[in-house]
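Undergrad: quick one: sequence plus predicted model below, questions after.
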Amino acid sequence: MKFEAFVSGSYKQQYQYQSFLPSPINQVWSWEDPRINVLFEKATKSLGELNAFTLIVPDVDLFIRMHIIKEANTSSRIEGTRTEMDEAVLEEEAILPERRDDWHEVQNYVRAMNTAIEELKTLPLSLRLLRHTHEILMSGVRGERKTPGEFRRSQNWIGGASLADAAFIPPQPRGHGRSFDRPGSLLA
């Protein structure tokens with residue numbers, strides 16, 4: 001596939017709204033624009049610098065754990081969770097009772113991420129891994145009754161109060177020509 005001709009996806013009419021259907025990216029790429037080579041060189045250089053950084057960090061595992069906690073904290077804010085970084089590293093007993101629900105959600109995120117990273121050593125990136133990670137994320141928290149470990153069966157959206165005023169609508173979970181549970185699907 002020529003990189004210059006790639007289109008990231010298209011909007012598809014579904015009921016009374018349009019959703020964005022991304023184009024597959026797992027293919028052989030080629031390009032003619034020499035600026036792309038320069039961008040790849042810059043990216044490779046940055047990866048080398050990041051790798052060199054691991055040589056001067058006294059405890060790389062601690063650095064990665066702290067990054068995961070920060071990401072869990074930041075990502076959970078999308079759902080309305082309000083746990084501060086200093087709270088996220090405390091034991092449960094040190095958290096005020098009225099803030100424990102938020103704390104549990106951040107802890108689940110950290111546990112789900114760490115489990116997924118560990119399981120990637122023996123499993124491929126797969127639907128089974130994604131479902132298991134989601135199950136950990138949702139266990140024992142406010143969303144635990146929302147089918148943990150299962151794919152959504154209803155339409156989702158980001159931003160806005162409904163599909164009518166949503167900022168982004170992903171493809172339908174079913175009926176968009178690709179099934180989530182068969183080879184060749186969006187996530188397989």
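TA: Looks like it arrived, so ask away.

Undergrad: can you give me the offset of the lengthiest helix in the chain from its chain's centre?
TA: Longest helix of the chain, by residue count under DSSP state H: helix 34-56. With Cα atoms, centre = their mean, to the nearest Å as the basis, helix 34-56 stands 23 Å off its chain's centre.

Undergrad: quick check: buried residues in that helix?
TA: Neighbour-count burial for helix 34-56, counted by 16 or more other Cβ atoms under 10 Å, picks out no residue. Using the backbone N, CA and C atoms, a C-beta is placed for each residue, glycine as well.

Undergrad: could you point out which element follows it?
TA: Beyond helix 34-56 on the C-terminal side, the first helix or strand identified by DSSP states H and E is helix 60-76.

Undergrad: give the buried residues for whatever helix or strand comes next after that next one.
TA: Counting by DSSP H and E, the next helix or strand C-terminal to helix 60-76 is helix 85-88. Buried residues in helix 85-88, counted by 16+ other Cβ under 10 Å: Glu87, Ala88.

Undergrad: show me what helix 85-88 is packed against.
TA: The contact analysis (3 or more Cβ pairs under 8 Å, 6 or more residues apart in numbering; DSSP states H and E) places helix 85-88 against helix 60-76, helix 100-119.

Undergrad: check those for me: which has the lowest mean pLDDT.
TA: Lowest mean pLDDT within those: helix 60-76, a mean of 83.

Undergrad: how much space separates the residue nearest in space to the middle of the chain from Thr133?
TA: Taking Cα atoms, centre = their mean, the centroid of the chain lies closest to Ser75, which sits 9.1 Å from it. Distance, Ser75 to Thr133, by Cβ to Cβ, to the nearest Å: 13 Å.
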